[in-house]
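Chemist: this one's sequence-less:
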């Protein structure tokens, strides 16, 4: 048989190295405990916004304004169509100066109608923004309150189409309760 080889031994750790190792181990355990204690939730903020009681009033206000605008657009289109029909019926008999004046008039009416259409879109968009902003803020505050009260680290909005965390607790009911719904 061969000679017996000595068993390798680890160097003896001094007290300072042991203290650092113990501190690192405690920090790691505390870090893991903190990670485990994190609470995640999710909700569909868009669905909550759509079910707010004041949302129906805002929608009715916007639809009412849109109906008024539509009525005016219909009136303007009727005026343009009437003048265009008159132009088509008489253009061949008018002198050049009258025909050119009527063409400019028709072009101005058409341009005015198009400009009015863009103004309507901007006005309705601004109206919607003014009516929705307080609702969005109210929902945001309710989400924050639920997060604090229930100890959530993160609450993800699934209506954005980007779900960062697929799990956790659905907090929609808690937020709706906070909103008095």
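Modeler: Sure, I can see it. Please read all numbers here as calculations on a predicted model, not as lab measurements.
Chemist: and residue 133, what pLDDT?
Modeler: For residue 133, the model assigns a pLDDT of 95.
Chemist: tell me the contacts of the spatially closest residue to residue 52 that is not a sequence neighbour?
Modeler: Leaving aside its chain neighbours, residue 52 sits nearest to residue 135 (5.5 Å; criterion: CB to CB, 6 or more residues apart in numbering). Bear in mind the C-beta positions are built from the backbone N, C-alpha and C, glycine included. By CB atoms under 8 Å, 6 or more residues apart in numbering, residue 135 lies in contact with 49, 52, 54, 55, 58.
Chemist: narrow the residues you listed to those that are buried.
Modeler: Among the contacts of residue 135, those classed as buried by 16 or more other CB atoms under 10 Å are 52, 58.
Chemist: tell me which of the contacts of residue 135 fall in helices.
Modeler: 49, 54, 55, 58 (DSSP state H).
Chemist: so which of those residues is the closest to residue 175?
Modeler: Set against residue 175, the nearest of these by CB to CB is residue 49 (10.7 Å).
Chemist: stretch 64-72: how far from the chain's middle?
Modeler: 26 Å (CA atoms, centre = their mean, to the nearest Å).
Chemist: now it: average pLDDT?
Modeler: Mean per-residue pLDDT for stretch 64-72: 97.
Chemist: numbering from 20 from now on, please.
Modeler: Right, with 20 as the first residue, what we last looked at is stretch 83-91.
Chemist: buried stuff in that stretch?
Modeler: Within stretch 83-91, the residues scored as buried using 16+ other CB under 10 Å are residue 88.
Chemist: show me what contacts residue 129?
Modeler: Residues near residue 129 by CB under 8 Å, 6+ apart: residue 99.
Chemist: which residues touch the helix or strand hosting residue 196?
Modeler: Following DSSP states H and E, one finds residue 196 within helix 191-197. The contact list for helix 191-197 (CB under 8 Å, 6+ apart) reads 62, 63, 66, 67, 70, 158, 161, 162, 164, 165, 169.
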